[in-house]
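Undergrad: need a 3D model of the following:
(chains A, B, C and D)
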Protein chains: 2
Amino acid sequence: MSPMNDPHHAAPEVSGQELTALLHARGQRATPQRLVILRELRRRGEHSSADELRRSIQAELPGTSIPTVYATLDLLVELGLARRVDGGSGPALYDPRVDPHHHMICRRCGRVEDLDQSVDAESLLQAASDRGFAGESVDVVVSGICSSCAGT
Amino acid sequence: MSPMNDPHHAAPEVSGQELTALLHARGQRATPQRLVILRELRRRGEHSSADELRRSIQAELPGTSIPTVYATLDLLVELGLARRVDGGSGPALYDPRVDPHHHMICRRCGRVEDLDQSVDAESLLQAASDRGFAGESVDVVVSGICSSCAGT
DNA sequence: ATTGGTGCAAATCCTTTGCAATAGC
DNA sequence: GCTATTGCAAAGGATTTGCACCAAT
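TA: Numbers count the residues shown, from 1 in each chain, chains lettered A, B, ... in the order given. Next comes the predicted model:
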């Protein structure tokens, strides 16, 4: 049941069982909330806010609290299973894609879209390092107006 | 596409008198708050929050309210005289530098430092355009740990 | 049985809004 | 004199914190 065998990419699709293992390795617990939130974040296939996710899992896990959703999303980011995208206005959005890509954020409606266009992250990290800054990740955001907002 | 419409390439040093002219051209008023906030943002020479600026101008303009500072900073960004940097946690910071450059944000202390290292903004904007997204600006943020937090 | 995690409520922080009074033009 | 802009107060929204109970190991 585990056709995934690619040690060279930060697992884009860690299964529920693998999440359980990851957590146990850190002395943490595999709760239904954690498993369901990760699954739901992926199932939605878009950039979701904490509250959207909470509503999205209501049927399956009624009563899940918003602090738990935030804590779980923080944990997923820490585990490298999600990315947090800060649009500047509105709530933070969480992205199930963890492979290198960037984002376009509409300044009118706030929607976030993926952008598969690489930048030279290496030289940015090197430049940061030269200034004594230990860079860990590079986030690129193109701000502007999305097609649906421009059309209307 | 007029270059006047690109906030990241606006005149790097518009004087107080020029700010007055810019405002009048838009039917807006040159208030002491606006002139002093722009001058103070530049004098501080770092990335400042709205509240830091409010405290910073207390001696000169006592009683200046926080809504006024926010409104003024929004206006300066719109005029291309400042950039807003969203770190994701903590308040938004405003940057008096409007020429092309990027940012390093410490995830421990939240401080923002400039990074003079170019990325290929043109190809990013082109890629966005290909997807129907009218990109206006590109923001690049390197997240990590700054030298002072690294405990050198 | 241990102790990490959850839900609840409330707190906190940042930013915006409504409105009467003020001040720039 | 107009009316844009201000200060005040309050609202609003997002996220975090404190704590008692619960449940995964």
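
Undergrad: output the longest strand belonging to chain A.
TA: strand A:134-145 (DSSP state E).

Undergrad: and it, is it in reach of DNA strand C?
TA: No. Counting by C-beta under 7 Å from any atom of the strand, DNA strand C has no neighbours in strand A:134-145; the shortest distance is 14.6 Å. (Each C-beta comes from the backbone N, C-alpha and C, glycine too.)

Undergrad: is the next helix or strand after that strand anywhere near chain B?
TA: Following strand A:134-145 in sequence order, the next helix or strand is helix A:147-151 (DSSP states H and E). Yes. Looking at helix A:147-151 against chain B by C-beta under 8 Å from any C-beta of the partner chain, the contacts come from A:147, A:150.

Undergrad: returning to that earlier point: return the set of buried residues in the longest strand of chain A.
TA: Neighbour counts using 16 or more other C-beta atoms under 10 Å in any protein chain shown place A:134-135, A:138-145 of strand A:134-145 among the buried residues.

Undergrad: also stretch A:38-55?
TA: Here stretch A:38-55 shows A:38-42, A:47-50, A:52-54 as buried, counting by 16+ other C-beta under 10 Å.

Undergrad: return the subset of those lying in strands.
TA: A:48-49.

Undergrad: make a markdown table from the buried residues of stretch A:38-55 and add distance to chain B and pLDDT to it.
TA: Below are the buried residues of stretch A:38-55 laid out as a markdown table (distance: C-beta to the nearest C-beta, whole Å; pLDDT from 0 to 100):
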| residue | distance to chain B | pLDDT |
| --- | --- | --- |
| A:38 | 21 | 97 |
| A:39 | 25 | 97 |
| A:40 | 23 | 97 |
| A:41 | 18 | 97 |
| A:42 | 22 | 96 |
| A:47 | 14 | 95 |
| A:48 | 17 | 97 |
| A:49 | 14 | 97 |
| A:50 | 14 | 98 |
| A:52 | 18 | 97 |
| A:53 | 18 | 98 |
| A:54 | 20 | 98 |
